[in-house]
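Trainee: Provided below are the primary sequence and the corresponding predicted coordinates.
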Amino acid sequence: MLSRFLRGKRTELVNKFKENDANPRNERYNFIFGNESCDQDSALSALLYAWFCSETRPKNDHTCHVPVLNVEEDMFRLKTETVYVLQRCGVGKKDLIFRDTLSFEKFFGTHALDAHVTLVDHHVLQRSDEFLSPYVKEIIDHRPQSQTFDDKVEVEIAPVGSCMTLIAEKILRGIDSGRIILADSDMRELTLLVSGPILLDTVNLSESAGKVTVRDREIIKRLWKDEDKQEISSLFKQLCDAKYCVDGLTVKDLLLKDQKTIHNPNKSVKVIFSTIHAGINRVFEDKLAKQSLSDLVKAENANLLVALYPVESGLSGNSYKPVLLYAEQPELKHEVENALKKAQNPILNLEVEVSDDGEKFTYFRMHNVKASRKQLLPIVQSSIS
């Protein structure tokens with residue numbers, strides 16, 4: 001299903017915009033951008049929404065719906081859980097359109113095309129994507145809304161566990177109305193593509209993780225019908241195994257694997273926030289690890305790096321998430337530290353494990369293990385604003 005939709009799309013698009021005539025067929029374009037982390041929810045939401053828009057467009061509508069994975073092609077290898085699922089669907093890297101497949105800055109700057117942009121799994125453009133702002137016509141996201149939009153922008157922002165839930169609701173309505181007709185094999189593929197992001201984002205629909213909603217559960221129930229819950233858990237385990245596979249990855253790879261960036265309002269401060277899929281000991285055991293942190297911050301022209309690690313257990317049996325801060329400027333690091341310590345929504349219950357006072361590193365144990373990067377990001381954002 002997905003491979004049929006994507007087949008030849010990248011080659012056709014690249015070749016078309018090598019030509020002097022920017023729009024030889026008078027086509028309209030809808031570029032569907034996921035967020036810069038390019039996690040499975042973001043990537044598959046962009047891909048499936050582009051497919052859905054193509055499947056349901058009127059016959060006289062010639063809009064070309066183009067999914068864009070908002071990461072450079074060389075970095076896609078780090079998105080292991082997404083690579084795994086797409087390979088199961090017969091989709092390879094050469095079928096996909098990445099942030100650097102086209103020069104989008106040049107494209108939007110020089111071609112007077114009938115084109116617009118849809119944002120999925122985010123609604124605030126990172127600095128490098130701000131040139132897209134005038135073209136944004138639709139937003140589908142599940143984060144708390146942090147800015148307002150012009151009435152001309154169609155906005156669906158809802159507090160569900162996964163952006164894919166919002167995409168899946170649209171697809172299932174299309175199936176129910178008869179606008180989309182799928183063979184059994186395509187339905188099985190759709191079930192895989194939709195279920196993966198929802199299960200990963202909600203930790204297998206776990207109430208204890210505090211992320212699942214009724215709408216997420218309804219999608220899984222509808223797709224799986226009377227299937228044994230063990231089958232769903234088996235898929236979740238396969239996805240986790242793929243996501244947390246770090247064989248052969250360097251410390252720098254781990255930092256880049258699941259990374260987001262935020263800025264202060266005047267763009268003078270840049271923070272990298274990485275979710276790490278390996279234990280904190282990797283940093284302290286690897287002689288080159290601290291140098292890798294420094295190198296990444298400098299290469300990205302960033303002022304601060306925040307890294308959130310998987311849950312670990314202390315000697316007393318209490319669980320915690322390690323949080324590591326690194327900055328070349330100790331003053332900025334201290335401001336962010338204090339904001340995290342004083343946070344009330346949520347309360348993070350931070351304990352300083354290692355702190356080089358006045359230096360570049362601080363390591364916290366965060367005893368509120370339900371707190372995720374999504375909840376920490378606004379705290380960090382507020383502290384640098």
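Mentor: It's in. Numbers count the residues shown, from 1 in each chain.
Trainee: just for this structure, where's the confidence low?
Mentor: For the chain, the stretches with pLDDT under 70 are 18-26, 110-113, 282-288, 355-358.
Trainee: mind listing the helices for it?
Mentor: 2-6, 9-16, 40-56, 80-88, 104-110, 163-177, 184-201, 214-224, 229-243, 251-257, 281-285, 289-299, 330-342, 373-384 (DSSP state H).
Trainee: out of the ones you listed, which is closest to residue 98?
Mentor: Distance to residue 98, taken as Cβ to Cβ, is lowest for helix 9-16 among the helices of the chain, at 9.0 Å. In short, each C-beta sits where N, CA and C put it, glycine included.
Trainee: helices and strands around the closest one, which ones?
Mentor: strand 64-68 (3 or more Cβ pairs under 8 Å, 6 or more residues apart in numbering; DSSP states H and E).
Trainee: distance from the strand it packs on to the middle of the chain?
Mentor: Taking Cα atoms, centre = their mean, to the nearest Å, one finds strand 64-68 lying 17 Å from the centre of the chain it belongs to.
Trainee: how near is residue 117 to residue 126?
Mentor: Distance of residue 117 to residue 126, computed by Cβ to Cβ, to the nearest Å: 13 Å.
Trainee: who has more neighbours, those two?
Mentor: residue 117 (23 against 16; other Cβ atoms under 10 Å).
Trainee: my guess is the more buried one contacts residue 46, does it?
Mentor: No: assessed by Cβ atoms under 8 Å, residue 117 is found out of contact with residue 46, at 11.3 Å.
Trainee: overlap of the contact sets of those two?
Mentor: Listed contacts common to residue 117 and residue 46 are 32, 33; contacts here mean Cβ atoms under 8 Å, 6 or more residues apart in numbering.
Trainee: what's near enough to touch residue 370?
Mentor: By Cβ under 8 Å, 6+ apart, the neighbours of residue 370 are 208, 209, 210, 346.
Trainee: among these, find me the one that's closest to residue 276.
Mentor: So of the contacts of residue 370, ranked by how close each gets to residue 276 (Cβ to Cβ), first place is residue 209, at 18.2 Å.
Trainee: pretty sure that closest one contacts residue 200?
Mentor: No: when contacts are counted by Cβ under 8 Å, residue 209 is not listed as touching residue 200 (10.8 Å).
Trainee: between the two, which one's more packed in?
Mentor: residue 200 (21 against 15).
Trainee: residues contacting the more buried one?
Mentor: Neighbour list for residue 200: 40, 41, 81, 162, 236, 239, 240, 243 [criterion: Cβ under 8 Å, 6+ apart].
Trainee: any idea how far the second one lies from residue 291?
Mentor: Separation of residue 41 from residue 291 (Cβ to Cβ) stands at 32 Å.
Trainee: wait, residue 14 touches residue 102, no?
Mentor: Yes: using Cβ under 8 Å, residue 14 is in contact with residue 102, at 6.8 Å.
Trainee: quick one, which of these two is more surrounded?
Mentor: residue 102 (19 against 12).
Trainee: just give me the neighbour total for the residue nearest to residue 323 when sequence neighbours are not counted.
Mentor: Once flanking residues are discounted, residue 323 sits nearest to residue 364: 4.3 Å by Cβ to Cβ, 6 or more residues apart in numbering. Neighbour count for residue 364, taken as other Cβ under 10 Å: 23.
Trainee: and residue 367, by the same measure?
Mentor: Count around residue 367 with other Cβ under 10 Å applied: 16.
Trainee: spatially nearest residue to it (excluding sequence neighbours)?
Mentor: In space, residue 367 is closest to residue 349, 3.8 Å off (Cβ to Cβ, 6+ apart).
Trainee: doesn't residue 364 make contact with the one you found?
Mentor: No: using Cβ under 8 Å as the test, residue 349 is too far from residue 364 to be in contact (9.7 Å).
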